[in-house]
Each structure stands twice: as C-alpha cells, then as structure tokens.
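> Need coordinates for the following:
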Amino acid sequence: MNYFEYMADPHRQCAIVAHRGIWSDAPENSLLSIRRAIEAGYDVVEIDVRRTADGEFVLLHDDTLERMAGVDEEPEQLTLAELTSLALRNRDGGPENPFTGEKLPSLRDVFDLTRDRIFIHLDIKHRHVIPEVLAYAQKMGVAKQVDFWADLKTEGDLAWIRTNITSQNVPFIARTHLEHDDWLKQVKLALDLKPLICEASFRDLSEVEAVQQHFQDAGITLWVNTLDSVASPGFTDSAALENPDAIWGRLLKAGFSAIQTDEMAALRSYLETRNPGIARKANAAI
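Numbers count the residues shown, from 1 in each chain. Next up, the predicted model:
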C-alpha cells in the first residue's frame, strides 16, 4: 500500500475518511471500530494518538481518560501497560454509554491490524511527538501507509515541517485556514511546500474556488472535514444528510477529493449515485 500513489491517482473515487473508525456501535478509536472500517471497505481511517509516560503510543482523543474510560487521569501520566488495561465505553463515551470488552489500544496493535488493509490519518495531539511517531511508523514498516498532519500558518511552521516530516519522505497533510485574515500567506506557504494533501477550512466556499486551480497545478490533493463540531460554516455532516448535493456535491465541484466524515455510509451512497460505474468492494485490500 502506498498513500502517495493512492492520493495522486486522478481516476480514484473521492476518498472516504472514517473519523475514529466506525463507532456507531463500538468505542471510538478502538480496534473494533477500526476493524469495521476495514471490513466496510473505506479508504482511510482517522485515529488520535498520544504518548504514554514510558514513551509508547496509544489511541485517545481527549486530554484525559474520563470520557472514554471513566478515569480522571491524563494518558501522558500513565504507562502503556496501565493504559491498555482500561476498558472503553461504547460509541463516543460518557456516562450514558456502557463499558465494553474493548480495551484502549496501543498504536502497535493498530499498525498490526491495519497493515496493507487501510490508510491511516494520524491526528497526533502534540506536535513535538510527531517525529517520535514517524520514527515508530518507519520501524514498523508502515510509513507509506500513514499520513502526518500539522498546521501550516507561518514560516516557522514551514521550517519545522520540512525538517521533521517532509524530509523523511512520508505523506504529509498541511492544514490551511482560508478563513483567516492571512489566508494568502498560508496559501503561499502550502504552494511552496507542495504537500501531498492540504486540508482546507473556509468561511465561504468561494475562498476554495479561488485557489483550487493553483493547488491542482501543484499536484496537491484537497481534503475537507465535514464533522458537525469542526466543519466550515454550513458544510456539516448533518446538513449533508438533509441535502447531499448542496454539501458534498458542492465540495466535490470545488475540487475536494477526500472527505473526513462521521457519515461514511451516506457519503458512499452519494458517491456511488454520482459515479455508478465505480464499484467498491468491502474487505478488498487496497
């Protein structure tokens, strides 16, 4: 599996990025939620990564374990053994969801599960940890199957990314904020770096349309996040379920070819309606 080749393929379908796996009836960021994303045949699975007290890595979104494991501790203060012994609450956690038999997973277990089966979007919660995770992915032999993601707002960001990520020839996603006042500077930085992918957020879709051709000419894939909690104004999963043409359809027309969502099945159905000749097969290796 090669993330570079997959994203650069001009004939591929829009990539469906499963946010924290399929967590409709499994704990988010669990091996079960990831396994179900693989079995469903989605293209990429997004996971959240944190460093343990003993220098290992586990999957967790929050600053503490309270929501998902009912423990008021920071994962960075516990060892790998302590963390991977914790049971996870179902779905997105909280006291309203019961505990399950799923344990908080290590990144090693995730890499073993996903090897040559699905691409991985790594949301590493602290930027200074990225080089350690990158080295770990190289050691595990999956560095071309995962991506690394960071903001690209300043010349300092550009220098740090070049030194610590892109110099290692691994897939990189630059986060570009077109809704910020300095958006032209951020676009210039992205075009200077030429990352594999650019995740763009915006106030109005016309901001994307204004730079779409520049990114296309530079060979940069455009990626968008439609999660209700963090999407650009109006372009949410909930709105897409009501009117997919007005949300996903407009995003595709604006040049986005990777969409991170909690509504993977609905997005797949919409894409298949638009492109009935493109077949997808669950359980198929990429």
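> Quick check: mean pLDDT of the lengthiest strand in the chain?
When the chain is parsed with DSSP state E, its longest strand is strand 44-51. The pLDDT scores in strand 44-51 average 98.
> now for the very next helix or strand once past that strand, which elements pack on it?
If you walk from strand 44-51 toward the C-terminus, the next helix or strand you reach (DSSP states H and E) is strand 57-59. Here strand 57-59 touches strand 44-51, helix 107-114, helix 130-140, going by 3 or more CB pairs under 8 Å, 6 or more residues apart in numbering; DSSP states H and E. Where C-beta positions appear, they are placed from N, C-alpha and C, glycine not excepted.
> Past strand 57-59, which element shows up next along the chain?
Next along the chain after strand 57-59, taking DSSP H and E as the criterion, comes helix 66-69.
> now for that next one, which elements pack on it?
Judged by 3+ CB pairs under 8 Å, 6+ apart, helix 66-69 is in contact with strand 87-89.
> so what's Pro75 up against?
Taking CB atoms under 8 Å, 6 or more residues apart in numbering as the criterion, Pro75 is in contact with Arg50, Arg51, Thr52, Val58, Leu60, Thr64, Leu65, Leu83.
> The same query, at a cut-off of 10 Å, please.
By CB atoms under 10 Å, 6 or more residues apart in numbering, the contact list for Pro75 reads 50-53, 57-60, 62-65, 69, 82-83, 86, 104, 125.
> Arg89 too?
Residues counted as contacts of Arg89 (CB under 10 Å, 6+ apart) are 27-28, 30, 66-70, 95-100, 102.
> Try it again at 8 Å.
Arg89 makes contact with Pro27, Arg67, Met68, Ala69, Gly70, Asn97, Pro98, Phe99, Thr100 under the criterion CB under 8 Å, 6+ apart.
> Can you read off the pLDDT for the first one?
Spelled out, it's Pro27. Per-residue pLDDT puts Pro27 at 98.
> thinking it is in contact with Gly93, fair?
Yes: using CB atoms under 8 Å, Pro27 is in contact with Gly93, at 7.1 Å.
> Spell out which residues are contacts of both of the two.
With contacts taken as CB under 8 Å, 6+ apart, the residues that reach both Pro27 and Gly93 are Met68.
> Looking at the two, which one has more neighbours?
Taking other CB atoms under 10 Å, Pro27 and Gly93 do not tie; Pro27 has more neighbours (29 against 22).
> Give me the secondary structure label for the more buried one.
coil (DSSP: H, G, I helix; E, B strand; the rest coil).
> Which residue comes closest to it once chain neighbours are left out?
Computed as CB to CB, 6 or more residues apart in numbering, the closest residue to Pro27 that is not its neighbour in sequence is Leu88, at 3.7 Å.
> cool, Gly234 as well?
Ile247 (7.8 Å).
> give the contact list for Asp262.
By CB under 8 Å, 6+ apart, Asp262 lies in contact with His19, Leu227, Asp228, Asp237.
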